[in-house]
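Asks: Model the following, please.
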Amino acid sequence: MGKFILVTGGARSGKSSFAESLIRNDYDENDVLYIATSIPFDEEMKIRVKKHREQRPAGWETLEAYRGLDIRLKEVGAGKKYILLDCITLMVSNIILEKCVDWNILPENAENEAEQEVICEVQKLLSAVRALDVTFIAVTNEVGMGIVPENKLSRVFQDIAGRVNQMLARNADDVYLCVSGIPIKIK
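Replies: Model (predicted):
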């Protein structure tokens, strides 16, 4: 792998714009693969996805997926200079919600199974990216700076996302924290 850059921060902290700015001055039309992990279930999310699409250069190839990225990268990642994944935390939440919708009546061991599935997907993604000679930029949310959530699903999400972020940060060459639109290099 050429380089792995992790961009983290709170909601609306400027993470995506900063991650995209790392590429904007150094690419040709076919150099960038953008991996979008969201599933737009409702109107609000559809509007957010539309805004993200509009702010990206039209020439960037987009892959909309959150699972099996290791396999998909073999198909569409070759020849790219940059792969930008936005975002890890949506990937985490999508996988968690596959396990169970009502986390107040969890099947036994579902939390551990969900975390293992998330970690496995992220590890396979990192292995696939390492096999390519690209700069990989991953955007994630810093979920551990607030209070511990009241409901179980939110606590499970916060725990798993926090541990995945730690794993990613350990593996990243550079880590940026975005605060109020200002990126701060922390690694």
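Asks: got a list of contacts for the helix or strand where residue 113 lies?
Replies: Assigned by DSSP states H and E, residue 113 belongs to helix 110-130. Defining contact as Cβ atoms under 8 Å, 6 or more residues apart in numbering, one finds that helix 110-130 is touched by 1, 4, 66-67, 69-71, 73-74, 77, 83, 85, 88, 91-92, 95-96, 98-100, 103, 136, 156, 159-160, 163-164, 167-168, 171. Every C-beta, even on glycine, is put in place using the N, C-alpha and C of the backbone.
Asks: Of those, select the buried ones using a ChimeraX command.
Replies: In ChimeraX syntax, the buried subset of the contacts of helix 110-130 is picked out as below (16 or more other Cβ atoms under 10 Å):
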select :1,4,66,67,69,70,73,77,83,85,88,91,92,95,96,99,100,103,136,156,160,164,168,171
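Asks: So which of the contacts of helix 110-130 sit within strands?
Replies: Among the contacts of helix 110-130, DSSP state E puts 4, 83, 85, 136 in strands.
Asks: closest to residue 47 among these?
Replies: Using Cβ to Cβ, residue 85 comes nearest to residue 47 of those, at 21.2 Å.
Asks: Okay then, goodbye and thanks.
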